[in-house]
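[1] Sequence first, then the predicted structure:
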Amino acid sequence: MLFGPCAQDAAASFLPAAGSLCAGGAGFVTAMMATLAANGRTAPAKTLRGEVPAVDRLAVRMVTDNIVIQFLPNETRDGLTIERKSGNTHPDKPPRTILNGEWGLAMQAQSFRGTQERNVMVDFGYTPEVLLNNMEILKVDPSHYDAIVLSHGHYDHFGGMVGFLKATKGKLKSKLPFYAGGEDCFCLRRNPGGNFGALDRQAILEAGLTLMMASEPAIVADHAFTTGRIGQTSFEKPLRATDEIVGIFDGFGCFPEKMPAEKNTGGYIPDDFEHELATVYRVKDRGLVVLTSCSHRGVINTVRQAIAASGIDKVLAVIGGFHVVPPLGDDYIRSTIEEFRQIDPDYLITAHCTGDRFYDLARAALGDKVIHSAVGMRFVFGG
Ligand SMILES: [Fe+2]
């Protein structure tokens, strides 16, 4: 029973305890469905078929990331320029205008093909305060965005979303596509600490965005593609970092009729992250750049999914959170590194949830191709 009566306590959490499920009521669901139908702003994404789009140049900016690194210079490598933004942008006005690190991830992907430019926002970080602060300092203009991709339904990736949408009201392009990996992205999630995900569908639609469901590999802004569902093809075993529940609760959640029946158990179940996706670019003559975000389905699985979806096995770079963290130990880390040796990317750029132990061992094994990300860094691939 998923749609029982729900106490209308304004202070009530929308996270029900297992066994005491309630909902906004069938009336609410009907209203929501009517809203979706009326707006017509939920659509299947354009599936990647045939030729994979290529770009001449790609710049990935870390708008929100876990740490700030100061004092390192810019670098030029083969096929890669690394720009590091000084955090102290207004030394005469301390301490308000400085880049902030937080546990979360948001990236801006700016790509060029000939005279054509595209900008894609990938994730929103944990808080709107940090996201908006860093965007202002980094001069990231949201009116230039051609698409938004949400990698998965965890707060450290979409926590900044509602505040971002409020702050950019009237500034975003009309009907801006918002890509999500499927209905599962909207399910409520919890970890041992409590609520850890409740994506606000109404906020997305009320902001005038077009919600694009991309469970299959899909073209994004003519220049990129999403992986679609990430297969479990390597030794990796996804960490079940959260539990999820099917249903609508106080206006949040995933519609049962759009979810696999076996997940509709009436209680919380281990999260399989079937909705998670990565965003991928093909840089002309250099290979794939895979933006992993959080790799809950496994970072190797994610890269292999990008290869399978595109038919291109040359990987220029993997950038984002790799999520090789405790309780995963050194044996697991070394297996991951060995898999990376086989894939042989030119660069591994570790951000957000990668794990310091993985960075240390990967750096020792693979040397300079392993690069630590930080807030404000900009990685420019291609000519
Ligand atoms: Fe994350």
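    Sure thing, it's come through.
[2] mind checking the SS state of residue 338?
    Three-state call for residue 338 (DSSP: H, G, I helix; E, B strand; the rest coil): helix.
[3] Retrieve the pLDDT associated with it.
    Note on residue 338: pLDDT of 98.
[4] hmm, who's touching stretch 359-371?
    82, 330, 333-334, 337, 340-341, 345-350, 372 (Cβ atoms under 8 Å, 6 or more residues apart in numbering). In short, each C-beta sits where N, CA and C put it, glycine included.
[5] Could you turn the buried ones of those residues into a PyMOL selection?
    Here is the PyMOL command that picks out the buried ones among the contacts of stretch 359-371, judged by 16 or more other Cβ atoms under 10 Å:
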select buried, resi 82+333+337+340+345+346+347+348+349+350+372
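[6] out of the contacts of stretch 359-371, who's nearest residue 63?
    residue 349 (14.5 Å; Cβ to Cβ).
[7] Touching the helix or strand where residue 305 lies from outside, list them.
    Under the criterion of DSSP states H and E, residue 305 resides in helix 299-310. By Cβ under 8 Å, 6+ apart, the residues outside helix 299-310 that reach it are 48, 52, 217, 225, 227-236, 278, 280, 282, 288, 290, 292, 295, 297, 313, 315, 318, 322-324, 336, 339-340, 343, 345.
[8] now that helix: mean pLDDT?
    For helix 299-310, mean pLDDT rounds to 98.
[9] can you tell me if that helix touches the ion.
    No - using Cβ under 5 Å from the ion, helix 299-310 never reaches the ion; the gap is at least 12.2 Å.
[10] mind listing what the residue in the stretch 1-150 of the chain positioned nearest to the ion touches?
    Closest to the ion within the stretch 1-150 of the chain is residue 105: 5.8 Å, counting by Cβ to the ion. If you count contacts by Cβ under 8 Å, 6+ apart, residue 105 has them with 62, 64-65, 123, 125, 151, 156-157, 293-294, 320-321, 351-353.
[11] Those residues of the stretch 1-150 of the chain touching the ion, which are they?
    Counting by Cβ under 5 Å from the ion, no residue of the stretch 1-150 of the chain lies close to the ion.
[12] let's see it at 8 Å
    Within the stretch 1-150 of the chain, the positions adjacent to the ion are 103-105 by Cβ under 8 Å from the ion.
[13] now do the stretch 251-383 of the chain
    Contact residues (Cβ under 8 Å from the ion) of the stretch 251-383 of the chain with the ion: 293-294, 296, 321, 323, 352-353.
[14] now the residues you listed as a markdown table including neighbour count and distance to residue 168?
    Listed next are these as a markdown table, based on neighbours: other Cβ atoms under 10 Å; distance: Cβ to Cβ, whole Å:
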| residue | neighbour count | distance to residue 168 |
| --- | --- | --- |
| 293 | 30 | 21 |
| 294 | 26 | 24 |
| 296 | 26 | 28 |
| 321 | 28 | 25 |
| 323 | 24 | 29 |
| 352 | 28 | 23 |
| 353 | 25 | 26 |
